[in-house]
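Asker: pasting the structure only:
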């Protein structure tokens, strides 16, 4: 009898072990399949998958696979394993991670399908459509609030990596939903509520810090589901008496020796758009122009995004589309000669193309998902910046990440063009960060290589060398400016390179030095500084440059088209 009981128990244990093993194997297989589908979804999002709908199948498959994995791993059959030391800990982690993956995939899929369902409405009432998108983003974001990734220590390497990846992906998804909701809400208000915004066209061929130089300005009339651009003028013709424009004390201290307070073209020496936009409003209004409700800045890269949404526009018998607009606006528009060349500054084509694109945007139909992707990319890269004089409205732009603020833990790199040229399109920048952490400090080294690839033959208006300028044709002269975390100490360059500027800039620290790179040459700058040992990392912010800056940190490589988080 006892022997029979033991045999029965052994048989039950064997069957349980087989069932448990199968559940673990199948759960692992489903989880790996879910990861593959999520990777495919990311690739679809980066390519044309949003427009074609390819991403929908990837997200649906990811949701189903992750859900199946969670169901198998959380099965009651596996309950006896959970109390087992070490092994049970790994199982608990896998259960939480598969559940988190299922929720995240479901949120992404549901958001996308709900937004796609609004396609028809976007052709008639765009303000209402955007308001509904804002609601969808808010509702879906709340679903991520209760996601539990499970234990964060004592995990095997593969699970620890999976948890780290899942944490980043969840944070990115939730941030995207929060920002997308705020941006949709803000744009809905712009389209629905009558108002006047100062619209500034910035040129990436002639850079300031975190933005192209402000070269044209006019009024963007909003409301009644329309955006109408009027009265665009050269920035040189819009000036105000210097005494009527008050720079913030830190910008005055750092850049007062260089800038002209009443001139649009000397704004953005600091990358803090939220501090510079009110100054632009002052210059506009003190220069005798009508009062405005806020300031919007767009650049050449934003025009590429806008034309990807609207399709091509034709101006003066030239067709601009998302493929050719950067070349046309950064270089080809300056091919005028004689008297036409003399007028080129007064007639930057960016503002004209922008007016045509806005008209098409508000008059025609556009794909909601393409618009979301393109506007998000432009906003993340600082190619679209918005500030409102209304506090409540401005909070939407802050949440949406388009206010151009610089946080205390940001690292940003800017190269400010001080020549009479548009050579930034030919300045290639490679930057790397290296850190050494001990009980005393995090010692940081930033290495920046500037390479001037300006062509030997080209347009004087682009290459410089004009009579009023002492800079040789094709030579790049400017300032290399670092916006760095507020808690740094002992910032210094190799070779005792002098600090042209050093001091507080809002929530960050500013360090800058002069650069002079002849055509065909390269220069390398090495900056050192220390941070407290408790520091966990930094966020490297975008520069809005074309081409973008190539960054590296240890084994990571990226271009600064959006924020990039570094963990020490």
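Answerer: Alright, I've got the coordinates. Just so you know, these numbers come straight off a predicted model, no measurement behind them.
Asker: so residue 430: helix, strand or coil?
Answerer: Judged by DSSP: H, G, I helix; E, B strand; the rest coil, the three-state class of residue 430 is strand.
Asker: er, residue 322 I mean
Answerer: Following three-state DSSP, residue 322 is assigned to coil.
Asker: tell me the confidence at it?
Answerer: pLDDT, residue 322: 94.
Asker: the residue nearest to it when sequence neighbours are not counted: how many residues sit nearby?
Answerer: Spatial nearest neighbour of residue 322, excluding adjacent residues (Cβ to Cβ, 6 or more residues apart in numbering): residue 308 at 4.0 Å. Just so you know, the C-beta spots here come from the backbone N, C-alpha and C atoms, and that holds for glycine as well. Residues near residue 308, counting by other Cβ atoms under 10 Å, number 22.
Asker: remind me which residues of the stretch 301-450 of the chain are low pLDDT?
Answerer: Applying pLDDT under 70 to the stretch 301-450 of the chain picks out residues 336-347.
Asker: where along the stretch 401-550 of the chain do the helices fall?
Answerer: For the stretch 401-550 of the chain, applying DSSP state H, counting those that start in this stretch gives helices covering 460-463.
Asker: which residues does the residue nearest to residue 322 contact?
Answerer: Contact partners of residue 308, counting by Cβ atoms under 8 Å, 6 or more residues apart in numbering, are 322, 370, 374.
Asker: residue 134 contacts residue 179, doesn't it?
Answerer: No: applying Cβ atoms under 8 Å, one finds residue 134 not in contact with residue 179, separated by 10.9 Å.
Asker: highest neighbour count among the contacts of residue 308?
Answerer: residue 374 leads the contacts of residue 308 on contacts (other Cβ under 10 Å) with 23 neighbours.
Asker: did I read that right, it in a helix?
Answerer: Yes: assessed with three-state DSSP, residue 374 lies in a helix.
Asker: next up, the contacts around it.
Answerer: Taking Cβ under 8 Å, 6+ apart as the criterion, residue 374 is in contact with 305, 306, 308, 309.
Asker: residue 69: neighbouring residues, count only.
Answerer: Using other Cβ under 10 Å, residue 69 is surrounded by 27 other residues.
Asker: check it and give its pLDDT.
Answerer: pLDDT, residue 69: 87.
Asker: wait, is it part of a helix?
Answerer: Yes: counting by three-state DSSP, residue 69 is located in a helix.
Asker: so residue 218 sits right up against residue 234, yeah?
Answerer: No: in this structure, residue 218 is not within contact of residue 234 by Cβ under 8 Å, at 10.4 Å.
Asker: those two: which is more packed in?
Answerer: residue 218 (21 against 18).
Asker: in the sheet, who's paired with that one?
Answerer: For residue 218, the beta-bridge partners are residue 199 (DSSP bridges).
Asker: for the one 5 residues further on, same thing?
Answerer: In this structure, residue 223 has beta-bridge partners residue 226, where bridges are defined by DSSP bridges.
Asker: residue contacts, it?
Answerer: Residues near residue 223 by Cβ under 8 Å, 6+ apart: 191, 192, 193, 194, 195.
Asker: residue 34 now?
Answerer: Neighbouring residues of residue 34 by Cβ under 8 Å, 6+ apart: 61, 62, 65, 66, 69, 98, 101, 102, 105.
Asker: in the stretch 451-568 of the chain, where is pLDDT below threshold?
Answerer: For the stretch 451-568 of the chain, the stretches with pLDDT under 70 are 466-468.
Asker: mind listing the strands for it?
Answerer: Along the stretch 451-568 of the chain, counting by DSSP state E, counting those that start in this stretch, strands occupy 476-484, 489-493, 501-505, 508-517, 522-532, 537-540, 550-553, 556-559, 564-567.
Asker: quickly note the distance from residue 567 to residue 433.
Answerer: 12 Å (Cβ to Cβ, to the nearest Å).
Asker: for those two, indicate the residue with more neighbours.
Answerer: Neighbour count, other Cβ under 10 Å: between residue 567 and residue 433, residue 433 has more, with 18 against 9.
Asker: residues contacting the more buried one?
Answerer: Residue 433 is in contact with 411, 444, 445, 446, 447, 540, 551, 552, 553, 566, counting by Cβ under 8 Å, 6+ apart.
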